[in-house]
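Q: only geometry, no sequence info:
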Ligand SMILES: O=C(O)c1ccccc1NCC(=O)[C@H](O)[C@H](O)COP(=O)(O)O
């Protein structure tokens, strides 16, 4: 039986300080956003320093939105991330190519489910789907009840998750992992330690057998 406890990713890490804060709070993974449009954008150098500091166990995920293949691979290498998260309308060929070099979290919107390209992505080795809202980092939750019958096995969940609602989302969809950013901040790109701790605890609380 699969482990019902979801992995927890804290996204939008922009400093060494916040990387250590999230790791000490128990995060399984840290997200480093390299998309130029993001107010949480971080340089590969800072991501690399922060990623090295959190030790061998915490995953470091490089987050990209609609960026060229060469840019993604070069940035991921420079930042020494352990996985890559891909947002945007990308072909399955592109995703497959990135997955030759890095484990991939491929972000899908609910409307993508059932589309031929999304179905192909779900079958690619080394690619894990993540369901997120249409606007990444926008803090808007998905309709979990509507997703219950179509949520892909082994998928991660993002979109407006925070300490107050993550347990319910986990109860409804049983995702393999959860991811959040905007509800864990005191300002864009700056973590709120209380929210980070509470999010990680709440995500794991509801996963115990019998709940
Ligand atoms: O958060 C951003 O600014 C961002 C910008 C461009 C691409 C991805 C981005 N965030 C990726 C994430 O993994 C977020 O954690 C995810 O979208 C959930 O965000 P939120 O709804 O704010 O918790």
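A: That came through, no problem. Remember, predicted model here, so these are calculated numbers, not experimental data.
Q: so does stretch 109-124 get close to the ligand?
A: No. Remark: stretch 109-124 sits outside contact range of the ligand, by Cβ under 6 Å from any ligand atom, the gap being at least 10.6 Å. Using the backbone N, CA and C atoms, a C-beta is placed for each residue, glycine as well.
Q: what packs against the longest helix along the chain?
A: Among the segments of the chain that qualify as a helix by DSSP state H, the longest is helix 193-205. The criterion is 3 or more Cβ pairs under 8 Å, 6 or more residues apart in numbering; DSSP states H and E, and the helices and strands that helix 193-205 contacts are strand 7-10, helix 16-25, helix 166-173.
Q: residues contacting the residue in the chain that the ligand sits nearest to?
A: Going by Cβ to the nearest ligand atom, the ligand is nearest to residue 137 of the chain, at 2.0 Å. Shown in contact with residue 137 (Cβ atoms under 8 Å, 6 or more residues apart in numbering): 11, 12, 33, 38, 39, 40, 181, 182.
Q: Just put the helices and strands packed on helix 193-205 in JSON lines and tack on mean neighbour count and distance to residue 56.
A: What follows is the helices and strands packed on helix 193-205, written out as JSON lines (neighbours: other Cβ atoms under 10 Å; distance: least, Cβ to Cβ, whole Å):
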{"stretch": "strand 7-10", "mean neighbour count": "24", "distance to residue 56": "16"}
{"stretch": "helix 16-25", "mean neighbour count": "20", "distance to residue 56": "11"}
{"stretch": "helix 166-173", "mean neighbour count": "20", "distance to residue 56": "26"}
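Q: Flag the shaky bits of this protein, pLDDT-wise.
A: For the chain, the stretches with pLDDT under 70 are 1-3, 206-211.
Q: near the ligand, which residues of it?
A: Proximity of the chain to the ligand (Cβ under 6 Å from any ligand atom) is limited to residues 11-12, 31, 33, 35, 37-40, 63, 65, 87, 132-133, 136-139, 158-161, 179-183.
Q: Alright, calling it a day.
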